[in-house]
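K.L.:
Turn this into a structure:
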Amino acid sequence: MKKKIENADSYLPTKAEERILRASLIEGNRLLNQKEFCKKAGVSDETFARAKRKPGFVKLYRELCLQELAGGMGPFTKALEKEARRGSIRHLELALEMTGLFQPKTKVEHSGSGAVLLITNVKEDEEK
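P.N.:
Numbers count the residues shown, from 1 in each chain. Next comes the predicted model:
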């Protein structure tokens with residue numbers, strides 16, 4: 001018996017939504033177009049479209065995608081660590097950003113009276 005998929009907010013997907021979620025975790029299915037994906041998942045295009053309009057389903061889908069991504073990061077983080085230890089400033093900076101120990105400086109500019117907001121990363125030498 002398969003374990004029921006649910007998130008912290010206790011959204012319980014329908015059986016069709018569970019098939020969509022399970023199919024989305026299969027690596028080969030990620031490259032399929034929507035019609036092919038729905039066929040693999042055993043759902044109609046309309047069922048898939050309806051699921052994507054539900055905030056609870058979308059949140060659960062995102063959580064599962066993030067878990068899947070985090071689970072496959074081992075080789076990447078090892079390579080990142082290796083390059084940082086070899087002296088690459090960019091790799092060290094990225095590693096520290098990922099752990100939350102470093103945040104690049106940002107410059108905020110307001111343009112006019114509208115809601116246009118421009119935020120850019122600022123390098124140390126650009127500030128002077």
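K.L.:
in the host helix or strand of residue 50, what's buried?
P.N.:
Per DSSP states H and E, residue 50 falls inside helix 45-52. Of the residues in helix 45-52, 47, 48, 51 count as buried by neighbour count, 16 or more other CB atoms under 10 Å. Placement of C-beta: from N, CA and C, glycine included.
K.L.:
Report the residue ranges of every domain in the protein.
P.N.:
Taking automatic domain parsing as the reference, the chain has its domains at 15-71, 74-126.
K.L.:
Just name the most buried of the ones you listed.
P.N.:
domain 15-71 (a mean of 14; mean count of other CB atoms under 10 Å).
K.L.:
Quick one: end-to-end distance for it.
P.N.:
25 Å (CA to CA, to the nearest Å).
K.L.:
Run through the strands of this protein in chain order.
P.N.:
106-110, 117-121 (DSSP state E).
K.L.:
hey, least reliable of those by pLDDT?
P.N.:
The weakest mean pLDDT among the strands of the chain belongs to strand 117-121, with a mean of 58.
K.L.:
Just give me the longest helix of the chain.
P.N.:
Longest helix in the chain by number of residues, with DSSP state H as the criterion: helix 55-71.
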